[in-house]
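Novice: here's my sequence, what's the structure:
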Amino acid sequence: MRKLEWIKVILVVSLMGNVTLFMNHQRDSKRQELKYELLNASIYRDLTQLEATIQHQIDNNWDTEPLVTQKLDDAIDSVILHMGMENDDDKEDILWKLHDYLKEFKVSDVTLSVSLTDKQRTKYIYLGEKLRSSGWNYNVGYDTKWDVFESKVKELIAES
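Specialist: Next up, the predicted model:
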């Protein structure tokens, strides 16, 4: 083969290799977006259900208060699941902060037969207000992009 033919072959192989690398990168990027969409949506769902459950208990004189502790456990479990699948240390750090914040409201490991004190109810009312004010409620749409999710977490855990 002549030198010109070799150059053409090398260019074609190089082009095919670059296209393959680009396609793999696109696929990995889509996979990452889907992971965040699923995991962030799970946390959104559990936190909005927690907020709604707290509000329901306030409106109904805490008639089924164990539901609040169950919904809190669901939210904590979603955060733990996301942490277990996260590879980015900065993102995992944000999730740990959310986890630790939510754990502050846990009253015991028993969730089905819990009876809350007035002080614990007050803490849950505060949590419900914080969730609502930082956008974790059903009346607000949500975006599963990490930046939006992170800003909502930071707003929730910020001291007021």
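Novice: and Lys35, what is it in contact with?
Specialist: Met85 (Cβ atoms under 8 Å, 6 or more residues apart in numbering). Yep, even glycine has a C-beta here, placed from its N, CA and C like the rest.
Novice: revised request: answer the last question for Tyr36.
Specialist: Tyr36 sits in contact with Thr144, Lys145, Trp146, Phe149, where contact means Cβ under 8 Å, 6+ apart.
Novice: hmm, 10 Å instead?
Specialist: If a contact means Cβ atoms under 10 Å, 6 or more residues apart in numbering, then Tyr36 has His82, Met85, Glu86, Lys91, Thr144, Lys145, Trp146, Phe149 as its contacts.
Novice: which intervals of this protein have sub-threshold pLDDT?
Specialist: 110-112, 139-142, 160 (pLDDT under 70).
Novice: pick out the residue nearest the middle of it.
Specialist: Asn40 (3.4 Å; Cα atoms, centre = their mean).
Novice: that residue contacts Ser78, doesn't it?
Specialist: Yes: Asn40 lies in contact with Ser78 (Cβ atoms under 10 Å); the separation is 9.4 Å.
Novice: just the element for the closest residue to Gln49 other than its chain neighbours, please.
Specialist: The shortest distance from Gln49 to any non-neighbouring residue, by Cβ to Cβ, 6 or more residues apart in numbering, is to Lys71 (5.3 Å). Taking DSSP states H and E as the criterion, Lys71 maps to helix 66-85.
Novice: centre of the chain to the strand or helix carrying Leu102, how far?
Specialist: Leu102 is located in helix 89-103, with elements delineated by DSSP H and E. Relative to its parent chain, helix 89-103 has a centroid offset of 10 Å by Cα atoms, centre = their mean, to the nearest Å.
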